Structures are given as structure tokens and as C-alpha cells.
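**Q** I'll drop the sequence and a predicted model, then ask my questions.
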Amino acid sequence: MQSRMRGGSPPRTFDFIIVGAGSAGCVLANRLTEDPGSSVLLLEFGGGDGSPFIQMPTALSIPMNSPRYNWGFASEAEPYLDGRRMNCPRGKVLGGSSSINGMVYARGHACDFDEWADQGAAGWAYRDCLPYFRKAETCAYGGNEYRGSDGPLHTCNGNGMANPLYQAFINAGRDAGYPLTADYNGHQQEGFGRMDMTVRNGVRCSAANAYLKPSRGRPNLTVIAKALCRRVIIEGKRAVGVEYEAAGSRQTAAASREIVVSAGAVGSPHLLQLSGIGPAAVLAAAGIPLVHDLPGVGANLQDHLEVYFQFKCRQPITLNGRLGLFSKFLIGARWYLFNTGLGGTNHFESCAFIRSRAGLKWPDIQYHFLPAAMRYDGRAAFTGHGFQVHVGPNKPQARGRVGATSPNPRDKPEIRFNYLDNEADRDGFRQCIRLTREIIGQPAFDAYRGGEIQPGDEITTDDQIDTWVRANAESAYHPSCTCKIGADGDPMAVLDRDCRVRGLAGLRVVDASSFPSIPNGNLNAPTIMTAEKAADLIRGRAPLPPSNAAVHNDPEWRTRQRPGNPVRTVA
């Protein structure tokens, strides 16, 4: 190790080095330092998360669009999205993306994790993962065999669906023949119901707030912010340290036990490639010497794509009436003084998970309902009152990649999602448009529903829908799967079942990049679960006992799209 240094003094040695203080890194820093005999170094390129715009849930669009807190990644021109470069925000701050995200708490369906096991991630089936979801969580409605009651991550429903539009959306789903669900994170995901968020007493419950801050006083944890990791140092076939930039100089740190890369679905494969670990052709094109040929690094990129389906509202009850400067001041002042009111919610308080057609065992479409018509950047969609649902197919077939472009860690990697490069994903959006119109057209919305803002009533044929989706679809900001866990015989598997990088000792990857496939839901909850489970693997502790909790699937899923319409098909 000393021979690789750029200075004369030996590097400081820790038992563990964690790269990235995001959702997974904060969990690991907390859990690994529970052992007072283990020393941990946590490196984070971003700075502190003390801004009220991070901590106030309703202000989520501000940190998400700020270069101070966001890496500012963008895809290459996407050929099936009219050549648009898609925004790909990733957190650059303590807490990572959990400090800039929409705070939605959605675990995914049980079958998503059974799918992981089927794809070679032994030990990651739902029965293995559920105990770690419970360990992580304190649910505002109490614990049970599905929900946690004493974990660091607090979840709730925000303001309790005080706006009547939330319940109207749920009732419209019932009118259309869909089931209701009391808890989509519990026994039954499929259906319409309340939506949960990672908010505690009106404040964002990021991974930094939930996990990192309670552990900052431990003498065995060292946190270095504004530290850019340049590479993992490999000697032979073992990771022995990291080289990073901090305080204006290059420095090194050694790990006597392990290095854990938790830099996210873009950052983790990029750092591995900068370290010479990855596909030989990609590294050669980037001018990076090959250390360990691993073809799957950066491959298998998956994301959720969605559209904003917007309607005018006939009653002046939407958030569009609260976007003026004075209204924002009042909302902010109430939150600052009391942590209550509209400032203490992300405004996604009802939701749905449905199947697009008969023959699907578990839902493939997700809805986030919002009592406003606006964009993620906080801009109003039009003058007047409106509401919208975010909707998209949650089990896409598209696969992309992340690739380094040079040996310089400050040069952003090339990102290609290949959105909508296949007919199944394009047809999925056609189903989304037609099913959504049917849902919003139900009697439950008669008192509220005005004209369709977008797509617009004139968008009806397959070709018209395809054209509109290409021009208007947006990322849901869920990149994942770029360092996947897989079976021994899978040439594209980057990690083994214990999140260890294949062919190298002392190196793991733990974050959303390790997912074999993207879950049917938002990614913060499964990322935190993954880190909770990985912490036990790293510490050599026995896993939590598997759960035998039952899971609901429509017993007639092979022949019907929803219980209220057994022969439902969408043309």
C-alpha cells in the first residue's frame, strides 16, 4: 500500500472504508460502527445537509434541481425519446439521493424480490428481505408482521389526505373495479390507497437524519465530506485502500478488512471502472488500464419512465392556488416554526398499483397522485387549478449502461438508458394512457374533473400516444441494477450473493446498483433494506430469520386484469 502513495507518510488505516454517504452508505456507517471494535471511514463528495430546503418536505424540487446538492448527470441523446437528453439527478450531499428525492416510501412487490432470487441472488427472496424492511422502519401506524415499529427510518402519510382529491382518486379506482389496499407495503400491494413517505414530525427522514446523525458521535466513525474518491487501490486481487481528493490534495486511506462502494447506480460502476474494474473494451476506450475484467460493470442499467397525466380542476382546492410568493412564505413560516402544514408533506398522499392486463401475476403500473398540475421543478403546468397522476410501467424491458469516458473522476460518465427501445415498453405506455383516462373518468371525480390538460383529448390512437410519450415522458429518477448480484454462472453478474465483487477480495458494492432487476416501486426503501441486510453479511452475523408472512396476488390473475372486470383487456 505504501508503494502506491503519493506522499512520504503511510496512509491512515481503518477496518472499513465506505465510499458514498447516500442511502446505503449512511446505513452501513451506522450498523458497522455498532461494533466498537471496528473503525470506519465514510467518504462523501458532497457537503452538509442542513439547508431547510432539504429538511422541508414540500421544498423537494429545490435541492433536486440545485448543482450544490445534485451531481447533475444527464443521459446521452435517447433515440426513442426524440433524441432528448434525460435528466438524471443523483444526490451530492450527506444522505445522497435520500436528501433530494421525493421521499416516497414504496418497497416493491414481494414477487420483485422472489424474482431476484430466481435470477441468481440466492438469499434475497421476499421472505429474506422482509425482516430487514421491518428492522429499518418505524411506521406511524404501528408495527405488524409487515411493518416495523422501532427502526431508524420513520414513515407516515404526511397530512393524512386532508385534501379531498386524494380520496377521490382512491374512490375512482374502486369505481373502476380495482381493489382497495389498506397498505401497499404490507399484505397487498395491488390496489388504491394511501401513500407513505419518509417524513418524521414534518421533517424529511433522509438516511442522514435516520442513520448517520445518530452515529456521528461514535469515536470509531470518521466522516470526510467534500472528498472525491478517485479510485479503489487494488494489489494483486485484493482491494487495499482508496485514493481521494480532499482539502485541495490527493490522499490515501487503507482498509484492513473491506472497502464498500455505495456511490449509487451511476457512481458505483463509474468508480469501479476508474479503478480498472469493468469491461475491457470500455476501459480501453476511456484510457484506463485494465486491472480486473468484469463485463457486467455498468451494464443492465434500468429505470422507471413516467408521464404526468394532468387535468383541470373545477374547484379551487389544489396546490396551484398556493404557488404565489406570499402563500409560499406562509407555508414556509408555519413549517419553520411548527414543522406542520403543507410544508411537512411531499404531497403524494394517495397512490395505486395495478396490472396492465390479464396474465400478469403482480402489478406493473404505479400511480402517484398529486393535487396540483405542475412539474418536478415546481413550475405550474398552466394558469388555474389542476391535478395530476404520475404513471408509468414499472417493469420495463429496456436495458442501458454506464461507462467511464476518461481516467479523470471529474469527467461525467456516459449514461444510456435506451428508454422505449422495445415494443413491450411502448405498449405499456399505451395501456397507461387508456387505463388512466378510464380511472379519472369515474363518478368519484365528477365534482372535480375539468378538461384534460395533457396528453389532451385528441391523443387517442397508438401512433398519437407513442408520439406524445416520446416527447413528454420523464425519468422517475430510479436508476439501478448496474452492478447486479447474480449466480456463479452468469457472466454479467458483478457481485455474488453477499455483495462481494467477483474475483476480488476485500471489495463489495452495496446500493441500488446491486439490484438484479428493478422493483415495482420507488427505490429508496429497497436500497435501505439492501444495506441493512448487507451490514449483517459484512459483520459476519447470522441473517434475520426469514418471514412467513402471506402475500396477496389476485387468485384469478391469469384471466382478469382486475377483480371488478374479469374479462378486461385494453385495445
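**A** Okay, I see it. This is a predicted model, so every value here is computed, not measured.
**Q** check contacts around I518.
**A** 302-304, 394-396, 478, 480-481 (Cβ atoms under 8 Å, 6 or more residues apart in numbering). For glycine as for every other residue, the C-beta is placed from the backbone atoms N, C-alpha and C.
**Q** could you pull out the helices for the stretch 401-550 of the chain?
**A** Taking DSSP state H, counting those that start in this stretch as the test, the helices found in the stretch 401-550 of the chain are 423-440, 462-472, 524-539.
**Q** Comparing those helices, which stretch has the densest surroundings?
**A** Of these, the one with the most neighbours on average (mean count of other Cβ atoms under 10 Å) is helix 524-539, at a mean of 24.
**Q** and it, average pLDDT?
**A** Average pLDDT, helix 524-539: 98.
**Q** and if you look at stretch 437-446?
**A** 98.
**Q** Does S547 touch L130 like I think?
**A** Yes - between S547 and L130 a contact is recorded at 4.2 Å, counting by Cβ atoms under 8 Å.
**Q** Can you pick out the residue with more neighbours from the two?
**A** Taking other Cβ atoms under 10 Å, S547 and L130 do not tie; L130 has more neighbours (22 against 19).
**Q** which element is that one on?
**A** Take DSSP states H and E as the rule and L130 turns out to sit in helix 126-136.
**Q** I would like the residues contacting the helix or strand following that helix, please.
**A** Sequence order places strand 137-139 as the next helix or strand after helix 126-136, per DSSP H and E. Under the contact criterion Cβ under 8 Å, 6+ apart, strand 137-139 has outside partners 143, 147-156, 196.
**Q** for stretch 555-567, same thing?
**A** Contacts of stretch 555-567 (Cβ under 8 Å, 6+ apart): 176-179, 354-362, 554, 568-570.
**Q** List buried residues within those.
**A** Among these, the ones that count as buried by 16 or more other Cβ atoms under 10 Å are 176-179, 354-358, 360, 362, 554, 568.
**Q** Output those residues in a markdown table; the columns should cover distance to P10.
**A** Listed next are the buried ones among the contacts of stretch 555-567 as a markdown table, based on distance: Cβ to Cβ, whole Å:
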| residue | distance to P10 |
| --- | --- |
| A176 | 67 |
| G177 | 69 |
| Y178 | 63 |
| P179 | 62 |
| I354 | 59 |
| R355 | 59 |
| S356 | 59 |
| R357 | 62 |
| A358 | 65 |
| L360 | 57 |
| W362 | 53 |
| D554 | 62 |
| R568 | 68 |
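**Q** which regions of the stretch 251-400 of the chain sit below the pLDDT cut-off?
**A** Confidence mapping of the stretch 251-400 of the chain against pLDDT under 70 gives the ranges 376-381.
**Q** any chance you could map the strands in it?
**A** For the stretch 251-400 of the chain, the strands defined by DSSP state E, counting those that start in this stretch cover 277-278, 292-293, 305-313, 350-354, 365-370, 386-393.
**Q** The second one pairs with which strands?
**A** To tie it back to what came earlier, the one meant is strand 292-293. strand 277-278 (parallel) (DSSP bridges).
**Q** quick one: the partner strand to chain centroid distance?
**A** Centroid separation for strand 277-278 versus its chain: 24 Å, with Cα atoms, centre = their mean, to the nearest Å.
**Q** Give me the contact list for that strand.
**A** So strand 277-278 is contacted by 232, 234, 269, 272, 291-295, 297-298, 404, 501, 504 (Cβ under 8 Å, 6+ apart).
**Q** and of those, the nearest to S66?
**A** P269 (24.5 Å; Cβ to Cβ).
**Q** Can you tell me how far the closest one is from P279?
**A** To P279, P269 is 10 Å away according to Cβ to Cβ, to the nearest Å.
**Q** more neighbours, those two?
**A** P269 (33 against 21).
**Q** Would you agree the more buried one is in contact with K484?
**A** No - between P269 and K484 there is no contact under Cβ under 8 Å: 10.2 Å.
**Q** Need the overlap of contacts for these two.
**A** S513.
**Q** how far is stretch 38-46 from where the chain is centred?
**A** 22 Å.
**Q** Any idea how far apart the tips of that stretch sit?
**A** 25 Å (Cα to Cα, to the nearest Å).
**Q** please renumber so the chain begins at 17
**A** Understood, numbering begins at 17; the last thing we discussed is stretch 54-62.
**Q** Okay, buried residues for that stretch please.
**A** For stretch 54-62, by 16+ other Cβ under 10 Å, it's 54-62.
**Q** what residues does it touch?
**A** 28, 30-37, 41, 44-45, 48-49, 85, 107-110, 112, 228, 236-245, 258, 260, 269, 271, 273, 555.
**Q** Let's see that with 7 Å instead.
**A** Residues outside stretch 54-62 that contact it (Cβ atoms under 7 Å, 6 or more residues apart in numbering) are 30-37, 41, 45, 48-49, 85, 107-110, 236-245, 260, 269.
**Q** Looking at the residues you listed, which are in strands?
**A** The strands, defined by DSSP state E, take in 30-35, 237-241, 244-245, 260, 269 from the contacts of stretch 54-62.
**Q** If you rank the residues you listed by neighbours, which is first?
**A** Once you tally neighbours by other Cβ under 10 Å, I34 ends up highest among the ones in strands among the contacts of stretch 54-62, having 32 neighbours.
**Q** Next up, the contacts around it.
**A** I34 makes contacts with 41, 44-45, 56, 58, 276, 278, as judged by Cβ under 7 Å, 6+ apart.
**Q** Quick check: pLDDT value at it.
**A** On the pLDDT scale, I34 is placed at 99.
**Q** Could you do A223 as well?
**A** We have a pLDDT of 98 for A223.
**Q** contacting residues around the helix holding L146?
**A** In contact with helix 142-152 (Cβ under 7 Å, 6+ apart) are residues 123, 126, 129-130, 163-164, 167-169, 541, 544-545, 548-549, 559-565, 567.
**Q** With adjacent residues omitted, what lies nearest to N355?
**A** Computed as Cβ to Cβ, 6 or more residues apart in numbering, the closest residue to N355 that is not its neighbour in sequence is G218, at 3.3 Å.
**Q** ok, back up a step: filter the contacts of I34 down to just the ones in helices.
**A** 41, 44-45 (DSSP state H).
**Q** and those as a markdown table, adding distance to G537 and pLDDT?
**A** Converted to a markdown table, the ones in helices among the contacts of I34 look like this (distance: Cβ to Cβ, whole Å; pLDDT from 0 to 100):
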| residue | distance to G537 | pLDDT |
| --- | --- | --- |
| G41 | 21 | 98 |
| L44 | 22 | 98 |
| A45 | 25 | 98 |
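**Q** Would you map the helices across the stretch 167-316 of the chain?
**A** Assigned by DSSP H, counting those that start in this stretch, the helices in the stretch 167-316 of the chain fall at 180-191, 223, 229-231, 280-290, 296-302.
**Q** got the angle for the helix holding L146 vs helix 540-555?
**A** Interaxial angle, helix 142-152 versus helix 540-555 (axes from the mean of the first three to the mean of the last three Cα atoms, to 10 degrees): 100 degrees.
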